[in-house]
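**Q** give me a 3D structure for the following:
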Amino acid sequence: MRVHFIAIGGSAMHNLALALREKGYAVSGSDDEIFDPARSRLAAKGLLPEKAGWFPEKIAPALDAVILGMHARADNPELLRAKELGLKIYSYPEYLYEQTKDKMRIVVGGSHGKTTVTAMIMHALRHAGVEFDYMVGAQLDGFETMVSLSEAAKIAVFEGDEYLASPVDPRPKFHLYHPHVGIITGIAWDHVNVFPTWEMYVEQFAAFADLIEDGGTLIFCRSDATCAAVAANAKSSLQKIGYEAHPHACKGGVCYLATPAGDAPLKIFGEHNLHNLSAAMLACEQAGVARSAFYAAIGEFAGAARRLQLMAANGSASVFFDFAHSPSKLRAAIQAVKKQFPQRRLYACMELHTFSSLSKNFLAQYSGTMRRADIACVYFNPETVKRKQLSEVSAADVAEAFGGGVKVFTDSAALVATLKKLDGNQANFLLMSSGNFGGINVKELADKLIYN
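**A** All right, here's what the predicted structure looks like:
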């Protein structure tokens, strides 16, 4: 098979390219910019394009498939050439389905928690000796790539994103997988540039539920009222299983899972992660993994990268980094750290970085989300607002939207200086962003906060 990637440098795209090369396919690609880690990983496998840019001459009739990434535009010259030649053009979710259409597909959807649930399922299946294909939105310990495809596996596990499939396909990615087991972890409004109303956003999850194969299973968070309503209205041909947080207890800064064999210590914590764990356990059962085997595996699960990831600790303080950027994720991360370490002060700092979070009309959704932090800081870069062509947002707008005396910064150096002055004894720092706080090296900052 000969496959060409338009915009090969994307996070999902370069991982799919690596997976297909591993499978023995002839892979080529183009992009106008490629950054690490994608650049180094593609170079190591001989897939890094010789020059940056778009080259229609790479698009030849001999290609079996062209895969189009979100980074490309609808008028991309390589895309236009592929259309002219009548080649089969896929978005990457379409191609993942094409590769796994004869397998049992487990797809994890939801506004939050989907990466962690997917990672938990993958961890437990591997521990149980089950072969599977996968696509997950974070780098996981023990897995070389974020995508793997094979001939032998009979099961595929995909993280299901509700964002658009490609520049020429406005369908949400997770509508293209047609799972046998579909999971909805929670529904909280996001991606307002694509779904400008709450009702439009919820409709995408209702459609996802109805795209589960007849006779399949819908696993949903029962404690989320919107999830429960979507499940209740989903087609009657599905088995519907609701879940809540798995029974547990926190002792001495460690979360213990209540199991038939007794309390089992976990490396993860937080009420939201105990919800995630329940969803993963139910999905694994559908794949033939008994609960006893799941319990044996999950105690060694240390979490996905940038999901309450411990960056530094010294015995009296810790620094955690989390991907949280939406209101629901922000609230859940703060609650998790505060509950796990009730005796410590919590310094929470988040970056407004996404299109939704920087939209003036969406800011009100953040009201009260950081109230449980002892000190709360919010950073945003006005240049990011301009680059996304959004209405101007002021520090005063952000402070009013969040409420509760939140400190707002538009200068990353000033933010770092403020964090360094905080008393780190018996305290935790929680840094939350889908970006990097204007170019800050988070690991270096974590070390300075703990060891200075």
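**Q** check contacts around residue 393.
**A** Residue 393 makes contact with 352, 358, 360, 363, 380, 382, 385, according to CB atoms under 8 Å, 6 or more residues apart in numbering. All C-beta atoms are positioned from the backbone trio N, CA, C, and that covers glycine.
**Q** find the residue at the geometric middle of the protein.
**A** Central residue of the chain (CA atoms, centre = their mean): residue 115, 4.4 Å from the mean position.
**Q** now the buried members of the contacts of residue 393.
**A** Among the contacts of residue 393, those classed as buried by 16 or more other CB atoms under 10 Å are 352, 358, 363, 380, 385.
**Q** element containing residue 280?
**A** helix 271-286 (DSSP states H and E).
**Q** just put the contacts of residue 393 in TSV and tack on pLDDT, distance to residue 192 and secondary structure.
**A** Below are the contacts of residue 393 laid out as TSV (pLDDT from 0 to 100; distance: CB to CB, whole Å; DSSP: H, G, I helix; E, B strand; the rest coil):
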residue	pLDDT	distance to residue 192	secondary structure
352	93	13	coil
358	88	10	coil
360	86	11	coil
363	92	11	helix
380	94	16	coil
382	91	19	helix
385	87	14	helix
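**Q** so which pair among those is furthest apart in space?
**A** 363 and 382 (14.3 Å; CB to CB).
**Q** ok, and the closest non-adjacent residue to residue 375?
**A** Closest residue in space to residue 375, ignoring its immediate chain neighbours: residue 347 at 4.9 Å, by CB to CB, 6 or more residues apart in numbering.
**Q** where does the one you found fall, secondary structure wise?
**A** strand 345-351.
**Q** kindly report the same for residue 353.
**A** Applying DSSP H and E, one finds residue 353 in no helix or strand.
**Q** need the pLDDT of it.
**A** Turning to residue 353, the model gives it a pLDDT of 87.
**Q** quick one, helices of this protein?
**A** Ranges of helices within the chain are 11-22, 38-44, 77-85, 92-100, 114-127, 198-210, 225-233, 271-286, 291-298, 327-340, 382-387, 395-402, 412-421, 442-451, based on DSSP state H.
**Q** show me what the longest one is packed up against.
**A** Contacts of helix 271-286 with other secondary structure elements, assessed using 3 or more CB pairs under 8 Å, 6 or more residues apart in numbering; DSSP states H and E, are made with strand 104-109, helix 114-127, strand 181-184, strand 217-221, strand 239-243, strand 254-259, helix 291-298, helix 327-340.
**Q** what does the second one contact?
**A** What that stands for is helix 114-127. Taking CB under 8 Å, 6+ apart as the rule, helix 114-127 contacts 106, 108, 110, 132, 134, 136-138, 140, 142-143, 155, 157-161, 183, 185, 273, 276-277, 279-281, 283-284, 287, 289, 293-294, 296-298, 300-301, 303-304, 307, 323.
**Q** then the fifth one?
**A** For strand 239-243, the external contacting residues (CB under 8 Å, 6+ apart) are 215-222, 228, 231, 234, 275, 278-279, 282.
**Q** hmm, 10 Å instead?
**A** Residues outside strand 239-243 that contact it (CB atoms under 10 Å, 6 or more residues apart in numbering) are 181, 183, 185, 209, 212, 215-224, 227-228, 231-232, 234, 275-283, 285-286.
**Q** quick one: contacts for residue 195?
**A** Residue 195 neighbours (CB under 10 Å, 6+ apart): 162-163, 172, 189, 201-204, 356.
**Q** tell me the pLDDT of it.
**A** 92.
**Q** tell me how far it lies from residue 187.
**A** 11 Å (CB to CB, to the nearest Å).
**Q** what touches both of those two?
**A** With CB under 10 Å, 6+ apart, residue 195 and residue 187 have common neighbours 162, 201-202, 204.
**Q** now tabulate those residues in CSV and tack on neighbour count and distance to residue 317.
**A** Output for the shared contacts of residue 195 and residue 187, formatted as CSV (neighbours: other CB atoms under 10 Å; distance: CB to CB, whole Å):
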residue, neighbour count, distance to residue 317
162, 22, 37
201, 21, 38
202, 17, 40
204, 19, 41
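**Q** for the residue lying closest to residue 33 once chain neighbours are set aside, what are its contacts?
**A** The spatially closest residue to residue 33, leaving aside those adjacent along the chain, is residue 52, at 6.2 Å (CB to CB, 6+ apart). When contacts are counted by CB under 10 Å, 6+ apart, residue 52 touches 9, 30-34.
**Q** rerun that using 7 Å as the cut-off
**A** 31-33 (CB atoms under 7 Å, 6 or more residues apart in numbering).
**Q** please apply the same query to residue 194.
**A** Residue 194 neighbours (CB under 7 Å, 6+ apart): 163-164.
**Q** how much space between it and residue 172?
**A** For residue 194, the distance to residue 172 - CB to CB - is 9 Å.
**Q** how close does residue 265 sit to residue 258?
**A** 12 Å.
**Q** now residue 171
**A** Taking CB to CB, one finds residue 171 at 41 Å from residue 258.
**Q** higher neighbour count, the two?
**A** Shown here are residue 171 and residue 258; by other CB atoms under 10 Å, residue 171 has more neighbours (15 against 12).
**Q** find the residue closest to that one in space, skipping its chain neighbours.
**A** residue 165 (5.2 Å).
**Q** same question, residue 83
**A** residue 89 (7.0 Å).
**Q** ok, residue 14 next?
**A** residue 38 (4.2 Å).
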